[in-house]
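S.K.: I'd like to go over a predicted model; first the sequence, then the structure.
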Amino acid sequence: MALWRAYQRALTAHPWKVQVLTAGSLMGLGDIISQQLVERRGLREHQTGRTLTMVSLGCGFVGPVVGGWYRLLDRLIPGTTKVDALKKMLLDQGGFAPCFLGCFLPLVGTLNGLSAQDNWAKLQRDYPDTLITNYYLWPAVQLANFYLVPLHYRLAVVQCVAVIWNSYLSWKAHRL
């Protein structure tokens, strides 16, 4: 409980920084889970650079983009009624998610040194499956998130759920 209270104090004092660092930390955790539990690399074969790349993506891309999106979405659709939450979820999943994934996957490819041609081929191969998988998880999560969770906690709630999603994304993005 003391850790949670410290997190709340830090979030109140420095909301943007804390949200970005939370996203980076949980993206890194997702990659560790991917490498150790999904891919079963073991500690000797763990690719630390890959984990650091995912942390960097969380801090430099996912945290700012998703955090900014939530603020914009709250301005576009103010309110927390069930109808408002449904509208936010539909806009999030119908507009934001496809664009976000379409940026995230090639960004990882670029950071991993893929050529433009290889990156395009990987995007064409992985994007449809990743987007469909997204729709199995995120609409329900986002509906609850937009209805029940205050704005300044939304990114943290999503990133906690996203530890599993990040494990999948890391595996998908690093699969050649």
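M.R.: Done, it's in.

S.K.: Quick one: neighbours of residue 3, just the number.
M.R.: Applying other Cβ atoms under 10 Å, we find 7 residues neighbouring residue 3. C-beta coordinates here come from the backbone N, C-alpha and C atoms, glycine included.

S.K.: which SS state does it fall under?
M.R.: Here residue 3 is recorded as helix under DSSP: H, G, I helix; E, B strand; the rest coil.

S.K.: what's the spacing between it and residue 163?
M.R.: Distance, residue 3 to residue 163, by Cβ to Cβ, to the nearest Å: 17 Å.

S.K.: Show the low-confidence segments of the chain, by residue range.
M.R.: 175-176 (pLDDT under 70).

S.K.: so how many other residues sit close to residue 168?
M.R.: Applying other Cβ under 10 Å, we find 18 residues neighbouring residue 168.

S.K.: what sits against it?
M.R.: Residues near residue 168 by Cβ atoms under 8 Å, 6 or more residues apart in numbering: 34, 133.

S.K.: buried sites along the helix or strand harbouring it?
M.R.: Residue 168 is part of helix 151-174, with elements assigned from DSSP states H and E. In terms of neighbour count (16 or more other Cβ atoms under 10 Å), helix 151-174 has its buried residues at 152-159, 161-163, 165-174.

S.K.: so how far is that helix from its chain's centroid?
M.R.: With Cα atoms, centre = their mean, to the nearest Å as the basis, helix 151-174 stands 4 Å off its chain's centre.

S.K.: Likewise for stretch 81-91?
M.R.: 20 Å.
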